[in-house]
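Engineer: predicted model and sequence below, questions to follow.
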Amino acid sequence: MKRIVWCLAIVLFTFVLAAGFCETVVLYKSGDSMVDVDGNGAWRKLKDGMILTDDSIVKTGADGELELEIDEERISIGRDTQTSIISIKKKLGERKKLSWLSNLSPVVKNLIGARSKHTETALMGVRGAASEEEGIDWMGELDEGDPAMQFENGKALYKEGEYGRAINVFKSLLESECPAGSSQEVSFYLGSSMFHTMQYEESISYLKDCMRQKEAYYYEVALLHSSFARYFIQDYEGAIQGFDSYVREFGTGTFAPYALLMLGKSYKVLGWRDEAKRYFDRIRSSYQDTDVYNDAVSEMKEL
């Protein structure tokens, strides 16, 4: 009997200890960043290293910026945002159900980087020709306050995963002065940064704005992020439209099997079993070597 009691005590201690490692910690804060620790309206300033509970609500002001560590995940929050820790954890839980989604992030960034570099090279070729004819110095140094330099800084933050800071940069550019002809590109980076920080509702409008130019280097990623965002806010019909467009336009691309899986999952939630089965079958027959194959098999078993 004593042995059983000791075993139960050890299990309970282990559970409590494990729960302690799932706490929310303030990694970094700047500007006007506040917290209502117990969710009762008593706001106070956030401090680096502060431990927050699930009941805590955080908000950032016009110059605020915040980074949290939640369940071993780093979450960035830009300015003018208010959210609860429990809502962030729920969104994290939904995202973690798609275990492969985090593996796509570096692939997506590489795709953006490669296409962006190609576009910039083409532009430099045009500008170089123009400068020879007109004596224009396109390569002159930019001041740090110049919108073009701010945009480059924002993209560097995005590439490094500093999404909260990137959001602030891109918001400021849209509200003040974007580099000439780049407002839709700025909208892409802002919407994509918001997607990564799970601000799904807000991300959709910016991503929608930048998808007007289908020839843009970021269009494919914008369409992908927008479709996932709609799925996460339970707009399954909107997700179906987005992922269907992706499959039609990029059916042979790297992310096609993921789009097919999300189509099946969306139809399954809506109760359209035959449609869901059709997409899961496509994965089982054509994408056996992908990391969504097992997901499709599992989803089929539940139909």
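Structural biologist: Arrived safely, thanks for sending.

Engineer: break the protein into its domains for me.
Structural biologist: 2-90, 101-301 (automatic domain parsing).

Engineer: dump these into TSV; add mean neighbour count and mean pLDDT as well.
Structural biologist: In short, each C-beta sits where N, CA and C put it, glycine included. Listed next are the domains of the chain as TSV, based on neighbours: other CB atoms under 10 Å; pLDDT from 0 to 100:
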stretch	mean neighbour count	mean pLDDT
domain 2-90	15	79
domain 101-301	17	86
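
Engineer: contacting residues for residue 248?
Structural biologist: Neighbour list for residue 248: empty [criterion: CB atoms under 8 Å, 6 or more residues apart in numbering].

Engineer: how much space separates it from residue 260?
Structural biologist: 12 Å (CB to CB, to the nearest Å).

Engineer: now do residue 70
Structural biologist: Counting by CB to CB - residue 70 and residue 260 are separated by 31 Å.

Engineer: please apply the same query to residue 33.
Structural biologist: Residue 33 is 41 Å from residue 260, by CB to CB.

Engineer: which residues of the stretch 1-150 of the chain fall in helices?
Structural biologist: 2-20, 85-97, 101-134, 147-159 (DSSP state H, counting those that start in this stretch).

Engineer: which residues touch residue 202?
Structural biologist: Residue 202 neighbours (CB under 8 Å, 6+ apart): residue 194.

Engineer: okay, angle between the helix or strand containing it and helix 85-97 too, please.
Structural biologist: Using DSSP states H and E, residue 202 sits in helix 200-210. Angle, helix 200-210 to helix 85-97, by axes from the mean of the first three to the mean of the last three CA atoms, to 10 degrees: 60 degrees.

Engineer: which other helices and strands does the following helix or strand past helix 200-210 contact?
Structural biologist: Using DSSP H and E, the next helix or strand after helix 200-210 towards the C-terminus is helix 219-232. With contacts taken as 3 or more CB pairs under 8 Å, 6 or more residues apart in numbering; DSSP states H and E, helix 219-232 sits against helix 85-97, helix 101-134, helix 183-196, helix 200-210, helix 236-249, helix 256-269.

Engineer: what residue is smack in the middle of this structure?
Structural biologist: Using CA atoms, centre = their mean, the residue of the chain that lies closest to the mean C-alpha position is residue 196, 1.6 Å off.

Engineer: how far away is that one from residue 207?
Structural biologist: Distance from residue 196 to residue 207, by CB to CB: 12 Å.

Engineer: got it, and residue 184?
Structural biologist: For residue 184, the distance to residue 207 - CB to CB - is 10 Å.

Engineer: what of residue 102?
Structural biologist: 19 Å.

Engineer: so what's the gap between the helix holding residue 202 and the chain middle?
Structural biologist: 11 Å (CA atoms, centre = their mean, to the nearest Å).

Engineer: over to stretch 93-112?
Structural biologist: For stretch 93-112, the distance to the chain centre is 9 Å (CA atoms, centre = their mean).

Engineer: could you do stretch 214-233 as well?
Structural biologist: Mean C-alpha position of stretch 214-233 versus that of the full chain (CA atoms, centre = their mean) differs by 11 Å.

Engineer: just the CA trace of it, in CSV.
Structural biologist: C-alpha atoms of stretch 214-233 as CSV (Å, rounded to 0.1, in the frame of the first residue of the first chain):
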residue,chain,number,x,y,z
LYS,A,214,-0.5,37.3,-59.3
GLU,A,215,2.9,37.7,-61.0
ALA,A,216,4.5,39.1,-57.8
TYR,A,217,7.2,36.9,-56.2
TYR,A,218,5.3,36.7,-53.0
TYR,A,219,1.9,35.8,-54.4
GLU,A,220,2.2,32.0,-53.9
VAL,A,221,3.2,32.4,-50.2
ALA,A,222,0.5,35.0,-49.6
LEU,A,223,-2.2,32.7,-51.0
LEU,A,224,-0.9,29.9,-48.8
HIS,A,225,-0.8,31.9,-45.6
SER,A,226,-4.2,33.4,-46.3
SER,A,227,-5.7,30.0,-46.8
PHE,A,228,-4.2,28.6,-43.6
ALA,A,229,-5.3,31.8,-41.7
ARG,A,230,-8.9,31.2,-42.8
TYR,A,231,-8.8,27.6,-41.7
PHE,A,232,-7.5,28.6,-38.2
ILE,A,233,-10.3,31.1,-37.7
